[in-house]
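K.L.:
Give me the fold of what follows.
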Amino acid sequence: MTFDLIIRGGDVYDGSGGPPVVADIAINGDRIVEVGQIDPAVEAGHVLDAAGLAVAPGFINMLSHSYVSILADPRSLSELKQGVTTQIFGEGSSMGPWDLAMRDRFNTNQARFGIEADWLRLSEYLAHCEKRGVSQNVASYIGATTLRIRACGYDDRPPTSKERDLMRGLVAEEMADGALGIGSALIYPPGYFASTDELIELCRAAAPYGGKYISHLRSEGEDLLGALDELLRIAQEAEVRAEVYHLKAIGRMNWPKMQQAIDVLERARSAGIAVSADMYPYTAGGTALAASIPPRFHDGGIDRLLERLADADIRKEVKHAIETSTDRWENLYLGSGGAEGVLILAVKNPELHHLEGHTLAEIGARENADPIDTLIDLVRRDSFIGAGYFIISEDNLRMGLRQPWVSFGSDAASQAAEGVFLETSTHPRSYGTFARVLGTYVRDEGIVPLSEAIRRLTSLPADNLELAGRGRLETGSYADVVVFDPATIADRATFTDPHQYAVGVRDVVVNGVVTLREGEFTGNLSGRALAGRARG
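P.N.:
Predicted structure coming up:
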C-alpha cells in the first residue's frame, strides 16, 4: 500500500480536546485515511517528519476580512504561516448579493489592487476564489448590511414590504447555494439602521437551510447586556444558532460588564439556546476612524456624511455628540479613553501616510488643534482611514479566553510583508492572532491548556458552522493539517511594526496538499469554497 502523503511521528492533537498521541497520519487525495502507527516501510509520495512537533487540524478563522486581500494575493501568507486553513467571511458586509451599482462601487474602491469583480452573487464570488486559486478554504455568511444596501440603499428608514421580499428572496437563493447564514455589524451604518424585527425576518429566511446568525452586537459598551438580549431574541424567534463576534466590553466604565455578559451567555446555553462567541487576543480593536462619528450623520452614505462635516453647524453637533457619553450609539472615541487611545493604523490618502502609528492626541498636539476637530478633519480628508481603538481590558481578555465556547477570529485581512501591503500599516492581528493565542496565552501564561486551545481553533468552530469533515484529525476527515512547534510559536507583529510574520508553524496541508513546507509557501493553491448545511 502507498499513500500520497504521510505525516510521521508527531504529537497528534485530534481536535477533540483530548491529550496528544504520538502517531502517523496517512493521506490519500484530500482525505485522511489512517491515523496510528504506520509501518516505516510503507511508501508515500511525500513524507513530513513531525517528530517532536504538534500536529493538529488546520485552524479556522471565525472572523476574517480577507475577502479582498486573497484576490490581490491568494497566498494569504500572514494567516497561512499561523496554520490557518479556513477563513470565514461576512461581518455585516459580504461579497454579494450585489446589484450593478454595488459592483461598480467595489471595483472603483479596489482599483489600487487591480481587482475587478465580474460576479454579483456571493456564491459566484466563492466559486471565483476556488477557480482562481486560494491557499485556504473560504466560506461566508450573507452580510445583513449588504442586503440592506441592495434593498434600501444607505437610508435610515425601514424597508418597504417589497424591499423585505427582495431581501428574503436573496437570502433563500444564497443559502441554497451554500451561505452559512446571516452576519450583522450593528454599530456601523447602514447596518445600524436595521431593526430587530428586520434581522429576525432575515434569519427566518435562512433557518430552513440550516442558517446561523452571527453578530457584531449593537453595543459592546453602554448597552452590552441589552445588545446580548437582542441577539438571543433573534436566535430564539428565528430558531437559529447564534454567535457573538469578538466578545468584549469596551471602555473602562464598562469593563465590569464582561463577567455579566459571560453570565448571560452561560444562562442562555444552560437553557438550551445554541449560542457561542469568538475573540481576538488584543486589547485594541480596529475599524474605520469614521466609525467614531454617530450613525445618524451617515444617513444617505459617505458622500452625505462628508457634506454634513463641511457644514459648520452640523460639525458642532458631531463634536458635541462624540464628547458626550450615551447608550444610543457606540462611542468608540470615549470607549478608548479619548484621543490618547485612538491610533491611526492605515490611510488611503498618500498625503497622510506620515500619520500612521500616531495617536489622535499626538496629531492634535502637533497641529495645536482639538483632537475631536482633528478626527473630523482627518475623516474629511480620507474617509477610509483605519484606526486602532484601545478599548479592552487585559483581564477581561483573559476571562473571555478561558470560556470553553469561545473560538478565535482575527477580525482582519490577510497580508503579505511585501508589495502593495507595505504601502499602509495595519493592525498586528493580521499577522499574529492565532500564534498569539498559542504562544502568549497558552504556553506563556497557561490561560488554556494546549489541547483545549486546539479544540477551540478547530472542531469547535467546525461544529458550530456545520462544516462536515473539517476540524478533526480522524479517518475520513478532510486533510487540513498544521504542524507546529508549541515551544516556539509566537507572534512578532506590533502596532509600530505590524508587517512581521509569526514564527513556529512549519508545515500546513490544505485538502491533502502541502501548502507550507518548512515555513515556506510551496506554490500550491488548494483551498476550496466551503458550503453550509444546505449544500454541504
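
K.L.:
Could you tell me which ranges of the protein sit under the pLDDT cut-off?
P.N.:
Within the chain, the segments meeting pLDDT under 70 span 536.

K.L.:
got the domain boundaries for it?
P.N.:
Segmentation of the chain into domains, based on automatic domain parsing, reads 59-283+403-421+433-447, 287-390.

K.L.:
which of these sits most buried?
P.N.:
Ranked by mean neighbour count, the domains of the chain are led by domain 59-283+403-421+433-447 with a mean of 21 (mean count of other CB atoms under 10 Å). The way it works is simple: take the backbone N, C-alpha and C, and place the C-beta from them, glycine included.

K.L.:
Now the terminal residues of that one, how far apart.
P.N.:
Using CA to CA, to the nearest Å, one end of domain 59-283+403-421+433-447 lies 19 Å from the other.

K.L.:
Off-centre distance for that domain?
P.N.:
On the basis of CA atoms, centre = their mean, to the nearest Å, domain 59-283+403-421+433-447 sits 7 Å off its chain's mean C-alpha point.

K.L.:
when you give positions from now on, start the count at 24
P.N.:
Shifting the count to begin at 24 puts that one at domain 82-306+426-444+456-470.

K.L.:
sorry, back to before: as JSON lines, the domains of the chain with distance to residue 44 would be great.
P.N.:
What follows is the domains of the chain, written out as JSON lines (distance: least, CB to CB, whole Å):
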{"stretch": "domain 82-306+426-444+456-470", "distance to residue 44": "19"}
{"stretch": "domain 310-413", "distance to residue 44": "41"}
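
K.L.:
Helices along the stretch 174-323 of the chain, start to end?
P.N.:
All helices of the stretch 174-323 of the chain, identified by DSSP state H, counting those that start in this stretch, fall at 184-199, 219-229, 247-261, 280-293.

K.L.:
Identify all contacting residues around the second one.
P.N.:
Counting by CB atoms under 8 Å, 6 or more residues apart in numbering, the neighbours of helix 219-229 from elsewhere in the structure are 165, 167, 170-171, 181-182, 187, 190-191, 194-195, 198, 202, 204-205, 207, 234-236, 253, 256-258, 260-263.

K.L.:
give me that answer again for 7 Å
P.N.:
Around helix 219-229, the neighbours that count as contacts under CB atoms under 7 Å, 6 or more residues apart in numbering are 167, 170, 182, 187, 190-191, 194-195, 198, 204-205, 207, 234, 236, 253, 256-257, 260-261, 263.

K.L.:
got the angle for it vs helix 247-261?
P.N.:
Helix 219-229 runs at 40 degrees relative to helix 247-261, counting by axes from the mean of the first three to the mean of the last three CA atoms, to 10 degrees.

K.L.:
is it possible to export the helices of the stretch 174-323 of the chain to CSV including distance to residue 490?
P.N.:
Below are these laid out as CSV (distance: least, CB to CB, whole Å):
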stretch, distance to residue 490
helix 184-199, 15
helix 219-229, 16
helix 247-261, 20
helix 280-293, 21
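
K.L.:
Would you mind measuring from residue 420 to residue 426?
P.N.:
Plainly put, residue 420 is 11 Å away from residue 426 if you go by CB to CB, to the nearest Å.

K.L.:
no, scratch that, I was asking about residue 105
P.N.:
For residue 105, the distance to residue 426 equals 22 Å [CB to CB].

K.L.:
One more: residue 49?
P.N.:
Using CB to CB, residue 49 is found at 35 Å from residue 426.

K.L.:
Wait, residue 328 touches residue 320, no?
P.N.:
Yes: counting by CB atoms under 7 Å, residue 320 is a contact partner of residue 328 at 5.7 Å.

K.L.:
Show me which strand runs longest in the chain.
P.N.:
When the chain is parsed with DSSP state E, its longest strand is strand 25-35.

K.L.:
which SS class is residue 68?
P.N.:
strand (DSSP: H, G, I helix; E, B strand; the rest coil).

K.L.:
Same question for residue 386.
P.N.:
Of the three states, residue 386 takes helix according to three-state DSSP.
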